[in-house]
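A.B. asks: Fold the following and give me the result.
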Amino acid sequence: VDTETAFVFNSFSFLVHGVLVMLMAAGFAMLESGLVRTKNTATILLKNIGLYSIAGIMFYLIGYNLMYIDVGDYIGSFAFLYNPSEAETALINADDATEEMVAAVVGNGYSVMSDWFFQMVFVAATASIVSGTLAERIKLWPFMLFTAIIAGIIYPIQGSWTWGGGWLHDMGFSDFAGSTIVHSV
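C.D. replies: Reported below is the predicted structural model:
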């Protein structure tokens with residue numbers, strides 16, 4: 001398989017599998033709304049929709065950079081706002097792309113933007129798991145604040161330890177499909 005074909009299929013895989021992970025939110029919402037009293041059903045559903053919005057915004061603002069950009073042993077960079085590389089932006093614009101930019105992006109093996117989406121839905125799934133444990137035990141706004149903190153800071157730092165090339169990665173730790181990172185957070 002040539003590198004361009006692998007790039008397309010890997011990027012497509014990130015997007016499709018990200019959508020499948022995102023569908024877990026519907027499952028969490030149905031499970032949680034079935035386990036609470038009728039008067040709390042609307043709040044549970046709002047919480048499950050809102051956490052995706054907050055997780056996405058926080059992961060875009062600071063989370064992705066903490067998880068993947070210039071990771072030392074314990075933490076990535078505190079750069080503000082995730083932005084695709086200049087080469088990926090040029091490919092989107094098509095007219096600005098050079099052969100070197102195409103080679104740089106395709107040589108990565110996947111689109112970083114598709115990886116951002118895939119990682120964002122896992123951040124939100126982590127908050128969804130917590131949402132179920134807190135059903136009927138927490139007010140809406142404190143939970144949304146918690147979601148902002150876990151999606152923007154806690155999860156990305158722990159994710160950088162393994163997926164970002166941090167200290168656990170250096171020790172040879174291997175995580176299967178987020179089972180350790182998602183559930184231990």
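A.B. asks: Check which helices and strands the top helix by length along the chain sits against.
C.D. replies: Looking across the chain with DSSP state H, the single longest helix is helix 3-35. Contacts defined by 3 or more Cβ pairs under 8 Å, 6 or more residues apart in numbering; DSSP states H and E place helix 3-35 against helix 41-58, helix 99-107, helix 112-133. For the C-beta atoms, the positions are set from N, CA and C on the backbone; glycine is no exception.
A.B. asks: In contact with residue 63, which residues?
C.D. replies: 82, 120, 123, 151-153, 155-156 (Cβ atoms under 8 Å, 6 or more residues apart in numbering).
A.B. asks: Please repeat the previous calculation with a cut-off of 6 Å.
C.D. replies: Taking Cβ atoms under 6 Å, 6 or more residues apart in numbering, we find residue 63 in contact with 151-152, 156.
A.B. asks: what's the closest of those to residue 36?
C.D. replies: Using Cβ to Cβ, the shortest approach to residue 36 within the contacts of residue 63 belongs to residue 151, at 23.1 Å.
A.B. asks: ok, that closest one to residue 39 distance?
C.D. replies: 28 Å (Cβ to Cβ, to the nearest Å).
A.B. asks: Pick out whichever of those two has more residues nearby.
C.D. replies: A side-by-side neighbour count of residue 151 and residue 39, using other Cβ atoms under 10 Å, places residue 151 first with 27 against 8.
A.B. asks: per-residue confidence for the more buried one?
C.D. replies: Looking at residue 151, its pLDDT is 95.
A.B. asks: again, but for residue 123
C.D. replies: On the pLDDT scale, residue 123 is placed at 93.
A.B. asks: And residue 79, by the same measure?
C.D. replies: pLDDT, residue 79: 78.
A.B. asks: so it makes contact with residue 66?
C.D. replies: No: checked against Cβ atoms under 6 Å, the pair residue 79 and residue 66 is beyond contact range at 8.8 Å.
A.B. asks: Mind checking which of those two has more residues around it?
C.D. replies: Per other Cβ under 10 Å, whichever of residue 79 and residue 66 has more neighbours is residue 66, with 25 against 13.
A.B. asks: What's the first helix or strand after whichever strand or helix holds the more buried one?
C.D. replies: Assigned by DSSP states H and E, residue 66 belongs to helix 64-68. As assigned by DSSP H and E, the chain's next helix or strand after helix 64-68 is helix 86-93.
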